[in-house]
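Asks: Here is a sequence with its predicted model. Questions after.
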Amino acid sequence: MTAPAPVTAPPPSVVPTPDAPSAEVRQRWPLVLLLGAVGALPAVIAVAQLGRIHPDEVYQLLEPAWYRAHGYGVLAWEWRVGLRNWAAPGLAAWLLRLADVLGLTHPVAYRALLAVPQAALHGWMAWAVYRFAERRAGHVGGLFSLLAVGLYGPVLVFAGRTLGESLSTAFLVVAMEALDREERPVRAGLVGGLALGLAVVARYGSAVMVLTALVWLVMARRWRVLAFTCLAGLGVALGLGALDWATWGKPFHSFFAYVDFNVLSGQAARQFGASPPGFYLHPFLTGLPVWVWAVAPLGLLALRQRLAMSLPLFCAAVYLVAIIATAHKEERFLYPGLVLVVLAAAPSLAAFVLRQAEARARWGLGAVALLASLVPAHFYPPMDLRGDQFRAIVSATRDDGARGLLIVNEGLWGSGGFFYIGKNIPWGTCDHPSDANFQGAMRDRRINRAVTFEGRAVAELQAAGFRVVEQVGRETVLARD
């Protein structure tokens, strides 16, 4: 009986490795789950809170979109002189039309629909944070940096909001990561240029970041990336020019009008006020997590060794100088610079935490750092969301019997507009019972709903036939037959 022939193993290149895909999947799923959670969280917060950080959140995107979709609404002066482009409001208008088709007539429902693409954009931003940090601190360091930036207080406050700063900053982070890549320069340039261009479309003030990023590429002598960045950016610019031509009758009308109003003519400072250079000092110091200052020496050491500043830090530094030098200042203008500083510092923090020898020290330091990331939300930006007012407006106008609304103790630009009323009924705002708007509303029998902040004029409203029907936080909802 002959022995069986020996079974030879296949060459190493074709040896099946069943555990490798499983390990890769196990490594990928935490990242996917984190990206989904971090991407959706700011949008969920914004929809749950309602309210506004700044009137522009309503009157530079939501209300123009409502006007575009339904043919009525309050258009701010910028939309009458062509100081803005219709890209973001135009997209939102199509989503509002989709909401009508789907039967989403409740303001919270169609506001949630608008939040879907913004959550996707923020998820893209989160992926960029992970990629940027992974190159410097490995996979675990990338995950930790993703949490450090994703749970950064101002990001949670801003990223789900319909502000130009919110949209533009997400695109800027994507661009920073793309242009930071050493591999695949063509793709890096195309993605980076596309993201930079969209950052400017979302907010013209981000043009400073674009020019700074191009200078950084020149200094780094990354000519191929620079060429394709400019090519992709040119494509976005041509699209913007075509959009302005179609909507304002002249290519780049909104961009040139913006530059003239905010930079060349000084009208922004005359109309909205000028502030000294120290205006941003307090929000800058309180708006950054304390761990940024703790890892700053590590960043300076790396800077000395590499003789080059990272792209997000370079852009943040130039941008901060630019907004300090600009006469008209607002706390929200600081947001893009703060996020880029945190992005630049997060990999150093992750590397420091992961270098700790003991697991207890790593977990403890990591938890403290993430908690510290949340803290600036308490200080920056200083504002009253007035979410209870927006929720009260929604509640007051939901039933079919609501024929008109008066909002007491609030001005026009602080209110939610037709977007949150959700129907074409007469409405107005006033501060005191002696105001002409209040007196006119009391005589106008169409005005049968009222919302008043902190109980102002409740007695006068009741004397005119209104009765209290609901209390929403600090807001009182009243109705009359």
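Replies: Cool, got the structure.
Asks: Scan the chain for its longest helix.
Replies: When the chain is parsed with DSSP state H, its longest helix is helix 107-150.
Asks: Point out the other helices and strands that the helix or strand just after it packs with.
Replies: The C-terminal neighbour of helix 107-150 among helices and strands, as given by DSSP states H and E, is helix 153-158. Here helix 153-158 is seen to pack against helix 19-49, helix 164-180, helix 335-354, helix 359-374 when contacts are counted using 3 or more CB pairs under 8 Å, 6 or more residues apart in numbering; DSSP states H and E. C-beta here means a position set from N, CA and C on the backbone, and glycine is covered the same way.
Asks: how about those helices in CSV, adding distance to Pro89, mean pLDDT and mean neighbour count?
Replies: Output for the helices and strands packed on helix 153-158, formatted as CSV (distance: least, CB to CB, whole Å; pLDDT from 0 to 100; neighbours: other CB atoms under 10 Å):
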stretch, distance to Pro89, mean pLDDT, mean neighbour count
helix 19-49, 17, 78, 15
helix 164-180, 11, 96, 27
helix 335-354, 20, 93, 25
helix 359-374, 32, 90, 15
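Asks: Pipe those helices into a markdown table and attach distance to Met442 per row.
Replies: Converted to a markdown table, these look like this (distance: least, CB to CB, whole Å):
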| stretch | distance to Met442 |
| --- | --- |
| helix 19-49 | 32 |
| helix 164-180 | 38 |
| helix 335-354 | 42 |
| helix 359-374 | 46 |
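Asks: among those, which is nearest Ala109?
Replies: If you check each of the helices and strands packed on helix 153-158 against Ala109 by CB to CB, helix 19-49 wins as the nearest, at 9.5 Å.
Asks: What's the mean pLDDT across the helix or strand that the closest one is followed by?
Replies: Following helix 19-49 in sequence order, the next helix or strand is helix 56-57 (DSSP H and E). On average, the pLDDT along helix 56-57 is 92.
Asks: Which residues does helix 56-57 contact?
Replies: Residues outside helix 56-57 that contact it (CB atoms under 8 Å, 6 or more residues apart in numbering) are 161-164.
Asks: what element comes up after that helix heading to the C-terminus?
Replies: Per DSSP H and E, the first helix or strand lying C-terminal to helix 56-57 is helix 63-70.
Asks: And for that following helix, what's in contact with it?
Replies: Applying CB under 8 Å, 6+ apart, the contact partners of helix 63-70 are 72-76, 79, 84, 86, 89-90, 92-97, 100, 114, 417-419, 424.
Asks: Assign Arg456 to helix, strand or coil.
Replies: The three-state label given to Arg456 by DSSP: H, G, I helix; E, B strand; the rest coil is coil.
Asks: Next up, the contacts around the closest residue to it other than its chain neighbours.
Replies: Take Arg456 and drop its neighbours on the chain: the residue closest to it by CB to CB, 6 or more residues apart in numbering is Asn409, 4.3 Å away. Neighbouring residues of Asn409 by CB under 8 Å, 6+ apart: 431, 452-454, 456-457.
Asks: For the protein, name the helix or strand with the lowest mean pLDDT.
Replies: Ranked by mean pLDDT, DSSP states H and E, the weakest helix or strand in the chain is helix 290-306, scoring a mean of 70.
Asks: how about the helix or strand following that helix: buried residues?
Replies: Following helix 290-306 in sequence order, the next helix or strand is helix 311-325 (DSSP H and E). Buried residues in helix 311-325, counting neighbours by 16 or more other CB atoms under 10 Å, are found at 311-320, 322-324.
Asks: okay, the angle between helix 311-325 and helix 335-354?
Replies: Angle, helix 311-325 to helix 335-354, by axes from the mean of the first three to the mean of the last three CA atoms, to 10 degrees: 140 degrees.
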